[in-house]
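*Asks:* What shape does this take:
(4 chains)
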Protein chains: 2
Amino acid sequence: MSNREKYTSEEAILEAAGQEFMEKGFYGARTTSIAERAGVTHAMLHYYYRSKEQLFERIVSDKMSVIADSVMMILVDENLPLKERLEKGIAKHFDFLVSNPLLPCFLVNEVDRIHPIMVDLIKERFAVMVNVMQKEIDIDVRHLVLDILSQNVMPFLLLPIVEKIGFFDGGRDEMLERIKEENVTIILKRLGL
Amino acid sequence: MSNREKYTSEEAILEAAGQEFMEKGFYGARTTSIAERAGVTHAMLHYYYRSKEQLFERIVSDKMSVIADSVMMILVDENLPLKERLEKGIAKHFDFLVSNPLLPCFLVNEVDRIHPIMVDLIKERFAVMVNVMQKEIDIDVRHLVLDILSQNVMPFLLLPIVEKIGFFDGGRDEMLERIKEENVTIILKRLGL
DNA sequence: ATTATCTATAGATCTATAGATAATGC
DNA sequence: ATTATCTATAGATCTATAGATAATGC
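*Replies:* Now for the predicted structure:
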């Protein structure tokens, strides 16, 4: 097989499946639609990934891995004082979400399909995260981490409805920029910084 | 028709549909499963609600109405100082979520199926909310409202994964109690109260 | 020889309805 | 007469595979 061809079909299906599953969830997604998106025959999907179920597991694992990495963005290991590190870290995590707005919804919906290996990965990332931060912060860092995630992630889950009811004026980008600033502010105030 | 019978079937279907749709979403839900849950023949579902689509629209409207009401819980119209009102309101809203833990996920997923009338209802509730609060608070209250919702709602979306990775020690009830307190704290600190 | 691709179709659901029958209220 | 319920089935998808054919690498 030529590498080029292999990429074109096998990878195209993965890419298409990622989109379809994120938009419609497991039940809403159709293998025929995925094949169409990927520009390949429907049979190819089963040739490479056996079943819809298996293809989905693969996508869930890939996406969870991305999410697990994203959490670590909050830890900026520069030699900056705590306040600046938090400012940078929260903003970095928020920017990641701006680039991947569908991820949170996907995570929330497919939680019980996460493979045990991924659960361990996420677990470990959080542990590292909490340990590093707890050294410098006197309140229970687990709550702080949950606070940061709530503030950063929730806007993307509510984005469709927030836009629908016109809760904020101005465009979407401007709105997100203001929310990002507010999120940094609320966490710093929480810590009295 | 006897009222008793009417309740038994028509209402039972509505109840069962609410559960099934909340658990599995529109695509995951099966009209046959709903009928089974309700303890009626499958044909009855179509007899009363015509189609899966129409039954779903009905459920979405019902649930959205409940959510719209819940937001108003944050406003406690007792003659208390701002600080105490916020404490009570946030806690009340959080307790509502404890009793309806599946609602947030449902809202997030079915946003684009919300009927325009419901959009208007939600819009109006938020407007009232913001107007009342803005009188006493100097920062942009819209961000504060989003903050409160983020802090309160997000834990319920993350609950399955938080429990899966054992992020907090202790039981579920204890965990929720601590999160509730933290949520009040973070908002009060945000306002310097 | 092996890998990739296509056509055609089996088999399993699921939604929805038609048509018959029973229960209810006037 | 009207409302409620059941049985049976049409019709529409959707997943998955079998089997034939083309492309590729050794």
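*Asks:* Helices of chain A, start to end?
*Replies:* A:3-6, A:12-28, A:31-38, A:42-49, A:52-72, A:82-99, A:103-109, A:116-134, A:141-164, A:172-191 (DSSP state H).
*Asks:* what sits against residue A:41?
*Replies:* Neighbouring residues of residue A:41 by C-beta atoms under 8 Å, 6 or more residues apart in numbering or on different chains: residue A:35. In short, each C-beta sits where N, CA and C put it, glycine included.
*Asks:* per the record, what domains does chain A have?
*Replies:* Listed by automatic domain parsing, the domain ranges of chain A are A:1-50, A:53-190.
*Asks:* ok so, going back, out of the helices of chain A, name the one with the poorest average pLDDT.
*Replies:* For the helices of chain A, mean pLDDT drops lowest on helix A:3-6, to a mean of 40.
*Asks:* The helices of chain A: which one's closest to residue B:48?
*Replies:* helix A:12-28 (23.9 Å; C-beta to C-beta).
*Asks:* roughly how far out does the closest one sit from the chain middle?
*Replies:* 15 Å (C-alpha atoms, centre = their mean, to the nearest Å).
*Asks:* Only alpha carbons, please: show it as PDB.
*Replies:* Provided in PDB are the C-alpha atoms of helix A:12-28 (Å, rounded to 0.1, in the frame of the first residue of the first chain):
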ATOM      1  CA  ALA A  12     -10.100  10.700   6.400                       C
ATOM      2  CA  ILE A  13     -12.600   8.300   8.100                       C
ATOM      3  CA  LEU A  14     -11.100   9.100  11.500                       C
ATOM      4  CA  GLU A  15     -11.400  12.800  10.800                       C
ATOM      5  CA  ALA A  16     -14.900  12.600   9.500                       C
ATOM      6  CA  ALA A  17     -15.900  10.300  12.400                       C
ATOM      7  CA  GLY A  18     -14.500  12.800  14.900                       C
ATOM      8  CA  GLN A  19     -16.700  15.600  13.400                       C
ATOM      9  CA  GLU A  20     -19.800  13.500  13.000                       C
ATOM     10  CA  PHE A  21     -19.700  12.000  16.500                       C
ATOM     11  CA  MET A  22     -18.900  15.400  18.200                       C
ATOM     12  CA  GLU A  23     -21.800  17.000  16.400                       C
ATOM     13  CA  LYS A  24     -24.400  14.200  16.800                       C
ATOM     14  CA  GLY A  25     -23.200  11.800  19.500                       C
ATOM     15  CA  PHE A  26     -23.100   8.100  19.100                       C
ATOM     16  CA  TYR A  27     -26.700   7.400  18.300                       C
ATOM     17  CA  GLY A  28     -27.200  10.500  16.100                       C
END
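*Asks:* Check which helices and strands it sits against.
*Replies:* helix A:31-38, helix A:42-49, helix A:52-72, helix A:103-109, helix B:12-28 (3 or more C-beta pairs under 8 Å, 6 or more residues apart in numbering or on different chains; DSSP states H and E).
*Asks:* Of all the residues in it, which ones are buried?
*Replies:* A:12-14, A:16-22, A:25-26 (16 or more other C-beta atoms under 10 Å in any protein chain shown).
*Asks:* any idea which of those residues is the one closest to chain B?
*Replies:* Using C-beta to the nearest C-beta, residue A:25 is the member of those that lies nearest chain B, at 6.2 Å.
*Asks:* ok so, going back, quick one: which of the domains of chain A is nearest residue B:55?
*Replies:* domain A:1-50 (16.6 Å).
*Asks:* Now do the closest one: distance to the chain's middle.
*Replies:* That offset, for domain A:1-50, works out to 21 Å (C-alpha atoms, centre = their mean).
*Asks:* What of stretch A:83-94?
*Replies:* On C-alpha atoms, centre = their mean, the centre of stretch A:83-94 falls 17 Å from that of its chain.
*Asks:* Stretch A:184-193 too?
*Replies:* The answer for stretch A:184-193 is 24 Å, by C-alpha atoms, centre = their mean.
*Asks:* And stretch A:112-127, by the same measure?
*Replies:* 14 Å.
*Asks:* With stretch A:181-192 instead?
*Replies:* 22 Å.
*Asks:* what would the domains of chain A look like in a markdown table with distance to residue B:103?
*Replies:* Output for those, formatted as a markdown table (distance: least, C-beta to C-beta, whole Å):
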| stretch | distance to residue B:103 |
| --- | --- |
| domain A:1-50 | 18 |
| domain A:53-190 | 13 |
